[in-house]
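1. Can you look at this prediction? I've put the sequence above it.
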Amino acid sequence: VWLVWGAWRKRKGRRSAVLQGVVTRLRPVLKQLVSFYQVVTLFGDVYQVQYPALYLGFLDLFSFMHFDFTYILRLECLMDYTWHTTMYTTLLLFAALATAQFALLVHLEARGTQPSALVLWTTKAVVLITYACYPGFSNTLFQAYNCHTVDGTRYLRRDYSIDCDSPEHFTAQVFAGLGIAGCSVGIPSLYLAILSRHRRQQPQLQARRGAGRTTGVPAAAAMPGASSAHLDFFVADYEDRYWYWEAIELARKLVLTGFAALWMPGTLMQIILSMFVAFTHCVLISRYFPYRGHAQPGAVDKQGAQKQHAAVTNSFALQSVVMTFLSLFGALLVRFKQGFQATGAVVEGYDYDALQAFLILTAATTIIFAFCIVMQEAGLQAVYELLLKFLGRDRGDGAAREQGTASSPGRVAGQTRQKKLVL
């Protein structure tokens, strides 16, 4: 509610610099938090692991982050449908979002004038919705190829009423393959192509900006169509030299929750290969620290504040990837325990209770870390200012400044009562 109210205040032109800075500094943390739970909550289906019940109940608290309408609306309580209905509906929505995003981004990149506020806002909304639905939608398409053989017949793991060798399912697999190629792989490719094109244009835009300053021409007139506000979601949180990192993040999620279901499904090697992918990503983050720092509005030492925020953001990113690796390691232990037969030569050395506690710890550490960052960023100063704005104190202070008059005793007393109410 606080973020929505802040966004509305921004549209009205009255959003404070403190709240704007808080939202900007928390954006990369929230993106990583949502990505972590989107990936981890899909591990059970992708790697065919029967997790302990308590751990599944804990993960179920974050299942809404998939933005899966069939899960949220519980359509099985309202109508009879098979997995094919879910897949076709998901494909239709995914294709609509991808097409709208492609059209809007290409339109903004190709037009020769500054975009209108409505077009820019629509583009940002479509990009955000597509980004949020991307892992869940891609995972649904890849499930079309996840079959299980029972007594010589291949059945779909998500719906054992579907024969994988039937003509109906073959048609579904064809459409799922087209969706994977056009949407799951096409969306990161689109981001990479647009960001690469924009990157190549930067020297020309800077030269035109300099020419505009020399001749006194406004920047908007000197650089028609040069606005990059629609790309802020992809590049604003990364260092300039790592402009492509958002595509890497999407590719990682696609591999861990999509393509991983295709290589040696149901085996230990499937989990081990995914652990290698997570470990590689962990090494890349610890080696390059790609995330950019944002200084607090009004900070005295902006460079120091930026370095501090960059360290916190990169540390959280590294922690999220490490917890992803440990979650896969826990899945490996679960799979090993389920198929282990004691012979006396090898002893497991752990039980289900210890394994369950380990898995819950890996899933809870990330949100605890994120909560600490939120409390640090959105601290008492921001909350205090938010409540004062809600009570109207900023409008009174602004009027007093405009009139150049000192505060009256009555208004001082009113502000004192407001402070007491806030406290």
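-> Looks like it arrived, so ask away.
2. Please enumerate the strands of the chain.
-> Along the chain, the segments classed as strands by DSSP state E run 147-150, 153-156, 159-163.
3. Quick one: mean pLDDT over the longest one.
-> Strand 159-163 shows an average pLDDT of 89 in the prediction.
4. mind checking how far that strand is from the chain centre?
-> In terms of CA atoms, centre = their mean, to the nearest Å, the gap separating the centre of strand 159-163 from the centre of its chain is 32 Å.
5. Tell me how many other residues crowd the residue nearest to residue 186 when sequence neighbours are not counted.
-> Excluding the flanking residues, the one nearest residue 186 by CB to CB, 6 or more residues apart in numbering is residue 98, at 6.5 Å. In short, each C-beta sits where N, CA and C put it, glycine included. For residue 98, the number of neighbouring residues by other CB atoms under 10 Å comes to 21.
6. what sits against residue 98?
-> 130, 182, 183, 186, 187 (CB atoms under 8 Å, 6 or more residues apart in numbering).
7. Could you dump the strands of the chain into CSV and include distance to residue 118?
-> CSV is the format used below for the strands of the chain (distance: least, CB to CB, whole Å):
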stretch, distance to residue 118
strand 147-150, 46
strand 153-156, 43
strand 159-163, 42
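8. Return the most buried member of the ones you listed.
-> Mean neighbours per residue, mean count of other CB atoms under 10 Å, is largest over those for strand 153-156, with a mean of 17.
9. Tell me which strands that strand pairs with, and in which orientation.
-> strand 147-150 (antiparallel), strand 159-163 (antiparallel) (DSSP bridges).
10. Report the rounded mean pLDDT for it.
-> For strand 153-156, mean pLDDT rounds to 90.
11. Any figure for the gap between residue 156 and residue 84?
-> 9 Å (CB to CB, to the nearest Å).
12. And for residue 102?
-> 26 Å.
13. Need the single longest helix in the chain, by residues.
-> Across the chain, the longest stretch assigned as helix under DSSP state H is helix 302-339.
14. Check the offset of that one from the chain's centre.
-> In this view, helix 302-339 has its centroid 15 Å away from the chain centroid, taken as CA atoms, centre = their mean.
15. Mind giving me the packing neighbours of it?
-> Helices and strands touching helix 302-339, by 3 or more CB pairs under 8 Å, 6 or more residues apart in numbering; DSSP states H and E, are helix 17-40, helix 43-46, helix 268-288, helix 352-377.
16. for the stretch 1-150 of the chain, which spans come out with low pLDDT?
-> Scanning the stretch 1-150 of the chain for pLDDT under 70 picks out 1-20, 69-76, 111-114.
17. mind redoing it with 50?
-> Judged by pLDDT under 50, the stretch 1-150 of the chain has its weakly predicted residues at 13-15.
18. how about the helices in it?
-> Counting by DSSP state H, counting those that start in this stretch, the stretch 1-150 of the chain has helices at residues 2-11, 17-40, 43-46, 53-60, 69-73, 83-110, 117-142.
19. Kind regards, and thank you for your time.
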